[in-house]
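Trainee: this is a predicted model, with the sequence first.
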Amino acid sequence: RAKTMSLPCSAYTRARRTRGSATEGCAFTPFLQTTIASKAQFRGVGLHSGAAVRLAILPAPADHGIVFVRTDLGRARIPALWDHVTPSQLCTLLDNGQGATVSTVEHVMAALSGTGIHNALIDIDGPEIPILDGSAAPWVQAILAAGEADLISMARPLLADADFVNKAAEGRSDEIITCI
C-alpha cells in the first residue's frame, strides 16, 4: 500500500509560491479556505458553440465551493463537483440534474485550483465557458489581479500519495506513477 498523507488543498499551491516542499509543515500548518477578493469579469465566445458569453467570478462564503450560476436560466446553480460531470465529447460538462448545464470548464477550474481558490460563485450567461486564448493563463492573470481572500474556515484535507506530492512540488511530473 502506498504511503499517504493528509494535505490541505492549497498546500501545494502555497508551497510552489515559496518554492518549498509541498509536504513541509502540512501536518502542523492549517490552511484557511480562500475566495477571490473582488470580481473578475470575462467576455468571449464558446469554443464549440461559437456563442458570445459573459462570465464573472465572484467571492463566495466558506464551504460554498465552486458553483456556476446560469444567469440566462433563472440563476440555475450548477456545483463544480465530480458527481455533476456528465459524459460528453471534447469537453467537461457539468449538469445540475434539472436541465441546466455548463461546458468547457477545464481552464477556469484549473486556474481556480492553481491559484488556491476554494470558493467562488461564477455567473455565466450561456451554456459554455468562453475559450479566451485557449489556455488557463488569462484566467490565472485575472484571478491574481482580483486577489485572494482568506475565509474563517479550515480547508478540507486532500488524501494524496506522499511521493506524488513531493515529485509534483519538485516539478518531476515525469516520475509520478500513483496518486490515491
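Mentor: Perfect, I can see it now.

Trainee: doesn't residue 132 make contact with residue 139?
Mentor: Yes - counting by C-beta atoms under 8 Å, residue 139 touches residue 132, with 7.1 Å between them. Glycine gets a C-beta too; all of them are placed from N, C-alpha and C.

Trainee: more neighbours: which of those two?
Mentor: residue 139 (25 against 19; other C-beta atoms under 10 Å).

Trainee: and the helix or strand that contains residue 67, what does it pack against?
Mentor: Secondary structure from DSSP states H and E places residue 67 in strand 66-70. Packed against strand 66-70, as judged by 3 or more C-beta pairs under 8 Å, 6 or more residues apart in numbering; DSSP states H and E, are the following elements: strand 76-79, strand 120-124.

Trainee: was I right about residue 53 contacting residue 44?
Mentor: Yes - counting by C-beta under 8 Å, residue 53 touches residue 44, with 6.3 Å between them.

Trainee: which one's more surrounded, those two?
Mentor: A side-by-side neighbour count of residue 53 and residue 44, using other C-beta under 10 Å, places residue 53 first with 20 against 17.

Trainee: residues contacting the more buried one?
Mentor: 43, 44, 45, 46, 124, 125, 126, 128, 129, 130 (C-beta atoms under 8 Å, 6 or more residues apart in numbering).

Trainee: state the distance from the fourth one to residue 170.
Mentor: Noted for residue 46: a distance of 37 Å to residue 170, by C-beta to C-beta, to the nearest Å.

Trainee: tell me how many other residues crowd the closest residue to residue 64 other than its chain neighbours.
Mentor: Among residues not flanking residue 64 along the chain, residue 119 sits closest, at 4.4 Å (C-beta to C-beta, 6 or more residues apart in numbering). Close neighbours of residue 119, defined as other C-beta under 10 Å, add up to 21.
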